[in-house]
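> Okay, here's the prediction I keep looking at, along with the sequence it came from:
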Amino acid sequence: MLIVDHVSKYYGNFIALENVHLQFDNGIYGLLAPNGAGKTTLMKMLVTLIFPTKGEIRYNGENIIHLGSKYRELLGYLPQQFGYYKHYTPAKYLLYLSALKGISKHEAKEKIPELLKLVGLEDVMHKKMRKFSGGMIQRVGIAQALLNDPKILILDEPTAGLDPTERARFRKLLTQLANDRIIILSTHIVSDVESIANEIIMIKDKTILYKKPIRELCQLLSGRIYETAADFQDAEIFRKRFATISEKQENGQMIFRFVSDEQPNENWKSVEPTLEDVFLHVYGEGALA
C-alpha cells in the first residue's frame, strides 16, 4: 500500500500542490488533469526526485525517504522526457540501465528480449536508436521502466508520440501488469485511461478534486448532459446560455453537446455522460456541484 499523507509542495511562495491525500493499492490509477496542474510534481515526489514540504509518503507504513534505495528498487518510472543515447541500440541501452539498477548481466540478457517483444521492438532491438521515431523511443522508455519488474510503476504522459495501434497495445500491457502492482498513469488524454483505470484522480486548484471509479465520476453529470441541433446564426447565443462540451457541424446545423440543469425541451436529447464530458466540464467550466 502506498499512501500520500496530506502532502504539500511549495517553491518559495509558489504552491505546486496543497494537502494532497491519496491511497493506492494494486491496480491502475489514472491521474487526469491538464498540463500544469501538478501531475508531474506529484509523480516526482512519488519517485523521490523531490520531497514534500509538508506531509509524508509511506509505502507499507514506512516513509519512502527513510526507505531510500529499498524503495527505489521497487520502482519503475517513465518521466515525460528521458535521456537515451541515440547511437545505442535498444538492447545495449537496456543492458546499460540494468547495470545501473543492479540487475545481473545474465538476468538482463534473458529479460531484455522479452521486454522488447512486449513493446513490439523485437525486430529492431539491435538497430541504433538515432533513426527511431518518437513513438519507438517512447516504447523503449516503457521497456526500461519494466526492467526490474517493479511493484510500483509510475508513468508520466507515457503515450506521447504513440500512434493509435501502439496506444492500444500499451493499454493491453498495463492491464496485464496490474494484478500484482500499483500502476499510476499521468495523462491529459482521456482515452488513455477510460477503459483500463480502476480509479481516476483529478487535480484542480493544486489539490485533489476527485478520486473515484469512472462510473461514479460520470454519475456526477447524470441527467445533465444533452445534445441538440441549432442553426448557425443561433450558435453564439446558445454558447452564452449553456456550458457546451463539444460542437460539430452536421447537415447544415451545429450539433451541441452541453450541460444543463434546466427543464429540457422537446429538441434536447438526453445522453449518457462520459469521462471526457466530466473532464471538459471540470476543467472548462469549473468544478461540479
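Nice, I can see it.

> Specify the local secondary structure of the one residue sitting closest to the centre of the chain.
Centroid-nearest residue in the chain, with CA atoms, centre = their mean: S186, separated by 2.3 Å. Put simply, S186 is strand when judged by DSSP: H, G, I helix; E, B strand; the rest coil.

> quick one, what contacts it?
L31, K39, T40, L42, M43, I154, L155, D156, E157 (CB atoms under 8 Å, 6 or more residues apart in numbering). All C-beta atoms are positioned from the backbone trio N, CA, C, and that covers glycine.

> how about a cut-off of 7 Å?
Shown in contact with S186 (CB atoms under 7 Å, 6 or more residues apart in numbering): L31, K39, M43, L155, D156, E157.

> which one among those gets closest to Q253?
Checking these against Q253 by CB to CB gives E157 as the nearest, at 36.7 Å.

> For that closest one, give me its contacts.
Q80, S186, T187.

> again, but for I182
I182 touches L2, F24, N26, K151, I152, counting by CB under 7 Å, 6+ apart.

> Quickly note the distance from the fourth one to I183.
Meaning K151. To I183, K151 is 10 Å away according to CB to CB, to the nearest Å.

> Go through the contacts of S186 and say which is closest to L147.
L155 (13.9 Å).

> partner residues bridging the residue nearest to the centre of the chain?
L31, D156 (DSSP bridges).

> coming back round to it: can you tell me which of the contacts of I182 is nearest S191?
F24 (22.3 Å).

> What sits closest to the closest one if chain neighbours are left out?
L2 (4.2 Å; CB to CB, 6 or more residues apart in numbering).

> L217 now?
L217 sits nearest to V278 (CB to CB, 6+ apart), 5.1 Å away.

> So the one you found is in contact with L221, correct?
Yes - if you go by CB atoms under 7 Å, V278 and L221 touch, sitting 6.0 Å apart.

> Compare neighbour counts for the two and give me the winner.
Applying other CB atoms under 10 Å to V278 and L221 shows that V278 carries more neighbours, namely 25 against 18.

> What is the helix or strand hosting that one packed up against?
Taking DSSP states H and E as the definition, V278 sits inside helix 275-285. Packing partners of helix 275-285 (3 or more CB pairs under 7 Å, 6 or more residues apart in numbering; DSSP states H and E): strand 199-204, helix 214-219, strand 243-250.

> For the ones you listed, give me a markdown table that also has mean pLDDT, distance to V124 and mean neighbour count.
Converted to a markdown table, the helices and strands packed on helix 275-285 look like this (pLDDT from 0 to 100; distance: least, CB to CB, whole Å; neighbours: other CB atoms under 10 Å):
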| stretch | mean pLDDT | distance to V124 | mean neighbour count |
| --- | --- | --- | --- |
| strand 199-204 | 93 | 35 | 21 |
| helix 214-219 | 94 | 36 | 16 |
| strand 243-250 | 90 | 39 | 14 |
